[in-house]
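1. Could you look at this predicted model? Sequence included:
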Amino acid sequence: RVKSPDEIKHYLGLPFLGLVPQLKDKDHAEDALLHKGVSHQFAEAFRTVRTNVLFSLAESSGGRSIVVTSTAPREGKTLVSSNLSIALAQAGQRVLLVDADMRKPRVHEVFHAKQAPGLSNVLVGNAKASESVKRGPVENLWLLPAGVNPPNPAELLNSRRFKDFLATLEEHFDWVIVDSPPVMAVSDPAVIAHLADGVIYVVGAEQTSKYAAAGALEQLDVAKAKFLGGVLNRVNL
């Protein structure tokens, strides 16, 4: 199993963006957000990830879109995408966090927001983006929840409408952070990764087998994903 930054670099071949410490209080790990008084170590970890992401896409002009994904469920990709979004917003960037996991959405739970209207509603045309995008809990942060769970998430994400919508969002925000489903579960992440400016790969420390992670990265590679790097989550310091 992947348990160190070296394994992310040498075995998975990804640049290392940072590690996130395991939270002592397991019960509140799910809603550990930077603006809620988390530990200094935890906050510092996300500032490091933010700095590395800013350097990785320093050349890009205009809005930038990043997909955050993982090999399997429960590795902490929503926690990473949520806190990275907050960290970027705290640095004065206009950020939109999009929940594109339309099968098991979590962003609305983390931020205690309504699930609908959201992304699926916008893509099928029964809600406007202006009705669906909500203000986040910190300045410069907006949220687009997943919306009503559709029967065909992969088709919606593969549509011309989603491609155009993502391009429009990049015109209005400095950063569009897309929380996507895990790679080994469904084909959705590869579809989104193909369109985005970069992919952040979250690995749960001592949780993910190297072979599974390597197989998942291969799928993204076939989709011509541009990897920004890996984040090692839940590290026992």
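-> Okay, I see it.
2. who touches the longest strand along the chain?
-> Among the segments of the chain that qualify as a strand by DSSP state E, the longest is strand 227-235. Strand 227-235 is contacted by residues 2, 4-5, 8, 12, 14-23, 49, 52-53, 56-57, 66, 75-76, 79-80, 198-205, 207, 217, 220 when judged by CB atoms under 8 Å, 6 or more residues apart in numbering. From N, CA and C alone the C-beta is placed, and that goes for glycine too.
3. mind listing what's buried in the top helix by length along the chain?
-> In the chain, assigned by DSSP state H, the helix with the most residues is helix 40-56. Residues 42-43, 45-46, 48-50, 52-53, 56 are the ones in helix 40-56 that count as buried (16 or more other CB atoms under 10 Å).
4. What helices and strands are in contact with the lowest-mean-pLDDT helix or strand in the chain?
-> In the chain, no helix or strand scores lower on mean pLDDT, DSSP states H and E than helix 5-10, which sits at a mean of 91. On a contact count with 3 or more CB pairs under 8 Å, 6 or more residues apart in numbering; DSSP states H and E, helix 5-10 meets strand 16-21, strand 227-235.
5. dump the residue contacts of Asp188.
-> Contacts of Asp188 by CB under 8 Å, 6+ apart are 100-103, 153-154, 157, 180-181.
6. Which of these ranks first by neighbour count?
-> Neighbour counts for those, by other CB atoms under 10 Å, peak at Leu157, which reaches 29 neighbours.
7. Do I have it right that that residue meets Pro189?
-> No: if you go by CB atoms under 8 Å, Leu157 and Pro189 don't touch, sitting 9.1 Å apart.
8. Could I get the full set of strands for this structure?
-> Under DSSP E, the chain gives strands at 16-21, 64-70, 95-99, 134-135, 141-144, 175-179, 198-204, 227-235.
9. Mind checking the ones you listed for the one nearest to Ala167?
-> strand 64-70 (8.9 Å; CB to CB).
10. Which among the contacts of strand 227-235 count as buried?
-> 2, 5, 8, 12, 14, 16-23, 49, 52-53, 56, 66, 75-76, 79-80, 198-205, 207, 217, 220.
11. quick one: contacts of the least confident helix or strand of the chain?
-> 2, 14-16, 19, 203, 210, 229-230, 232.
12. got any ranges where this structure has weak pLDDT?
-> Counting by pLDDT under 70, the chain contains low-confidence ranges at 25-30, 60-61.
13. how about a cut-off of 50?
-> Along the chain, the model assigns pLDDT under 50 to residues 27.
14. Just give me the residue right at the centre of it.
-> Closest residue to the average C-alpha location of the chain: Val68 at 2.9 Å, with CA atoms, centre = their mean.
15. Bridged to that residue, which residues?
-> Asp179, Ile200 (DSSP bridges).
16. That one: what's it in contact with?
-> Contacts of Val68 (CB under 8 Å, 6+ apart): 77, 80-81, 84, 177-180, 199-200, 202.
17. Using a markdown table, please lay out those residues together with distance to Leu123.
-> Formatted as a markdown table, the entries for those read as follows, by distance: CB to CB, whole Å:
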| residue | distance to Leu123 |
| --- | --- |
| Lys77 | 21 |
| Val80 | 24 |
| Ser81 | 19 |
| Leu84 | 24 |
| Ile177 | 18 |
| Val178 | 13 |
| Asp179 | 16 |
| Ser180 | 15 |
| Val199 | 21 |
| Ile200 | 23 |
| Val202 | 25 |
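18. I am finished for the moment; much appreciated.
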